[in-house]
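> Show me how the following folds:
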Amino acid sequence: MARPKKPIIATMHAVKISRKGESAIINYKNPAIGGVHLTIGPKINGMTDQDILDLHNHIIEKRNKFAAQYHHVAVEIPPGKPQMKYSKRCTQWVPRGDVLRCLVHDDENGELVVEIDGHELSLKEFGRMMTVHAGWGMRIVFVPDDEIEKVPDITIGEKED
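Here you go, the predicted structure:
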């Protein structure tokens, strides 16, 4: 199943609004668009559904404006410095930057192992670490194992079989 699209500015005809305590749950009638759980606080008791939708639309407008102005620069931890750290709070490894230089190999059972800074992570551990970036995109560039510290040239096209 495809990941739902991000919430958009909506009219009352396009959504169903319900309330749960001090929060509003806004579900789009179009199932391809993800819903919103909007925590408002005690002020929700004096708000109409239209007031809630107006607040929602204002937040979406702000998000869209920020996204249009945002220019992402990926941070790569310098070679020789740790690229990840163990978070006691999360009880897992977390990346320290936005770029990971790693080696890919398999263990004696044929299971994937991702090695970062000499630490071997199972596919499950690596996948859990990736959840830190849930909602983001990712590009994977494979390079020879002795070139992981170089930025590779990339060409657009298809490899011959």
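> three-state assignment of the residue lying closest to Met138 once chain neighbours are set aside?
In this structure, Met138 finds its nearest non-sequential neighbour in Met130, 7.5 Å apart by CB to CB, 6 or more residues apart in numbering. For every residue, glycine as well, the C-beta is placed using N, CA and C. Taking DSSP: H, G, I helix; E, B strand; the rest coil as the rule, one finds Met130 in the helix state.
> Asn27 now?
What three-state DSSP gives for Asn27 is strand.
> likewise Asn45?
Going by three-state DSSP: Asn45 is helix.
> Need the distance between the two termini of stretch 75-85.
One end of stretch 75-85 sits 15 Å from the other (CA to CA, to the nearest Å).
> Pull the distance from that stretch to the chain's centre.
Between the mean C-alpha point of stretch 75-85 and the mean C-alpha point of its chain there is a distance of 20 Å (CA atoms, centre = their mean, to the nearest Å).
> Can you point out the buried residues in that stretch?
Applying a neighbour-count criterion of 16 or more other CB atoms under 10 Å, one finds Ile77, Gln83, Met84 buried in stretch 75-85.
> Report the rounded mean pLDDT for it.
Mean pLDDT, stretch 75-85: 96.
> Just the residues contacting that stretch, thanks.
Counting contacts by CB atoms under 8 Å, 6 or more residues apart in numbering, the residues outside stretch 75-85 that touch it are 93-101, 116-117, 119, 129, 149.
> Tell me the one of those residues nearest Gly21?
Within these, distances to Gly21 taken as CB to CB reach their minimum at Val94, with 31.5 Å.
> re the thing from before, mind giving me the PyMOL command for buried ones among the contacts of stretch 75-85?
Listed next is the PyMOL selection for buried residues among the contacts of stretch 75-85, using 16+ other CB under 10 Å:
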select buried, resi 93+95+100+101+116+129
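> now the contacts of stretch 75-85 in CSV, with distance to Arg19, pLDDT and secondary structure?
Written out in CSV, the entries for the contacts of stretch 75-85 read as follows (distance: CB to CB, whole Å; pLDDT from 0 to 100; DSSP: H, G, I helix; E, B strand; the rest coil):
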residue, distance to Arg19, pLDDT, secondary structure
Trp93, 39, 94, strand
Val94, 35, 95, strand
Pro95, 38, 96, strand
Arg96, 40, 96, coil
Gly97, 41, 95, coil
Asp98, 38, 95, coil
Val99, 43, 95, coil
Leu100, 42, 96, coil
Arg101, 48, 96, coil
Ile116, 45, 97, strand
Asp117, 48, 96, coil
His119, 46, 95, strand
Met129, 37, 95, helix
Glu149, 53, 92, coil
